[in-house]
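# here is a sequence with its predicted model. Questions after.
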Amino acid sequence: MERSATVEKIIDLIGRGRCSIATAAGVSHSLVRAAVFRRVAEVAAWSMKWASMGRWPDAGFDGKPFATGSARAKMCGQPLADGFRACYVGFKADLKARHECHGFSRWYKSSLICEQCLARRDIKSPDSMNYRNFTSSAAWPLTMLDHDQWMTLGEHSDWNLVEGFRLESVGFDLMHNVFLGVGKDLVGSGLKLLIQQGAFDHVEGVHDDLDKALGVIHQEMVQDCKNHGLFLPSKPVLSVAGLCGDDDYAMLNSRFKACHCKVMVWWLAFKSQQAADANQDDRLLQVLATCCYGMQRAIEILDNSGLLMSESDANETAECLQLHLVTYAWLAAYYWEEGVLLFRFRPKHHYLFHQAVQIAEWRLNQSIFHTWDQESFLGKIKQICVKCHGATATVRVFERYLLCMAMMLEQHRRVQS
């Protein structure tokens, strides 16, 4: 079968002779995957080494010299990007990618759920080491690990090859942790608590036809956001199914994206504050309002701060996140005792605590570890991929992506001219 012209161009762009595809018959998928992740780390280490020196490399990442007379051979040793240099700062990814790229044995599906402390999730562990414990009796906050201590436990990451890599530089993505994680739990459970406590008794049928009532509440939510200069799409509409039904913990389902959740967290803080002010003797509403305020205030400070935060802003953000976690844990414990599926407690809550500590210690805005752009790019690739035939998808995706890029550049050229 002949290769298309586009595939030929892709191979030329990657570098002919340096792109090899290995076929592994009878080799464990996990072994192949581990080898791929290690090769990625090796290439990253090679790239960052020369970027830190500000010069073009004198050989490929495999140590082989460039072909005599080639464009890359002619660039050897010359200044890179007008003499600018780059260095490794941090690693950002969602929780699954952190585990796969670094080979963490301590992750959210393990009994030892965290690579940065000794917290546990199994029921045999003492309550003081349970990751859900946010009371004064919790001992796991006293077991924080730095990079050297983590290495002494026999842990290892292929990214140790990258100069400057440390465990602490592997950040937690606030977008996945909050807007695709704990924020969805907060909105779903908080909304049901408000309905339960009578905050929406003015909505017709709120206790009889919840699906219909949620549609009305969603319209009210959209209007409240509009009145305060925020945009919340009118779809998807809130429904019982959108809150994961009645047989599971209440949370926003996968139809609601991170951008929806971020705006909804603001609205929940706004609405719960109104309900708490109107019912000052209602303990549940008071705790919910405090919980939502802690989360929303932390988001506001991070959104309005630069890369390096002031000491006061960093401390306030950390305190607000910890306030949110303590009050959320209280609500989770309360409804667990009541046998009601509200306020599910996840490992992501535990990781949010670590983010709060890091913000206070480093004064580094955790938004640096956001993956909004990367998720958006993957969404565009997915839109292309789902329209390709499975047998030819690995080729057609690249072809159609390059075609989309060409059309965009052509459109831009016409506008400019």
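It's in. Quick caveat, the model's predicted, so the values are computed rather than measured. Numbers count the residues shown, from 1 in each chain.
# what's Leu284 in contact with, if anything?
Leu193, Gln197, Leu331, Tyr334 (CB atoms under 8 Å, 6 or more residues apart in numbering). For the C-beta atoms, the positions are set from N, CA and C on the backbone; glycine is no exception.
# run the last query once more with 10 Å
Leu193, Leu194, Gln196, Gln197, Ala275, Ala276, Trp330, Leu331, Tyr334, Tyr335 (CB atoms under 10 Å, 6 or more residues apart in numbering).
# out of those, flag the one nearest to Ser239.
The shortest approach to Ser239 among the contacts of Leu284 belongs to Leu194, at 16.3 Å (CB to CB).
# on that earlier part again, top of the contacts of Leu284 by neighbour count?
Leu193 (24 neighbours; other CB atoms under 10 Å).
# pLDDT on the host helix or strand of that one, on average?
If you go by DSSP states H and E, Leu193 is part of helix 183-196. The pLDDT scores in helix 183-196 average 95.
# same check, this time on stretch 96-104
91.
# quick check: buried residues in that stretch?
Under the neighbour-count criterion of 16 or more other CB atoms under 10 Å, stretch 96-104 has Ala97, Arg98, His99, Cys101, His102, Gly103, Phe104 buried.
# which non-adjacent residue is nearest Gly54?
Arg85 (4.1 Å; CB to CB, 6 or more residues apart in numbering).
# show me what contacts Asp58?
Per CB under 10 Å, 6+ apart, neighbours of Asp58: Trp50, Pro65, Phe66, Arg72, Ala73, Met75, Cys76, Gly77.
# before we move on, the earlier item: which one of the contacts of Leu284 is nearest Ser136?
Trp330 (13.0 Å).
# please point out which parts of the helix or strand hosting the closest one sit buried.
Following DSSP H and E, the helix or strand that holds Trp330 is helix 311-338. Neighbour-count burial for helix 311-338, counted by 16+ other CB under 10 Å, picks out 313-314, 316-332, 335.
# returning to that earlier point: go through the next helix or strand after the helix holding Leu193 and flag the buried ones.
Per DSSP H and E, the first helix or strand lying C-terminal to helix 183-196 is helix 210-227. The neighbour-count check on helix 210-227 (16+ other CB under 10 Å) flags Leu210, Ala213, Leu214, Val216, Ile217, His218, Met221, Val222, Asp224, Cys225 as buried.
# for the first one, which non-adjacent residue is closest in space?
The shortest distance from Leu210 to any residue that is not its chain neighbour, by CB to CB, 6+ apart, is 5.5 Å, and that residue is Val240.
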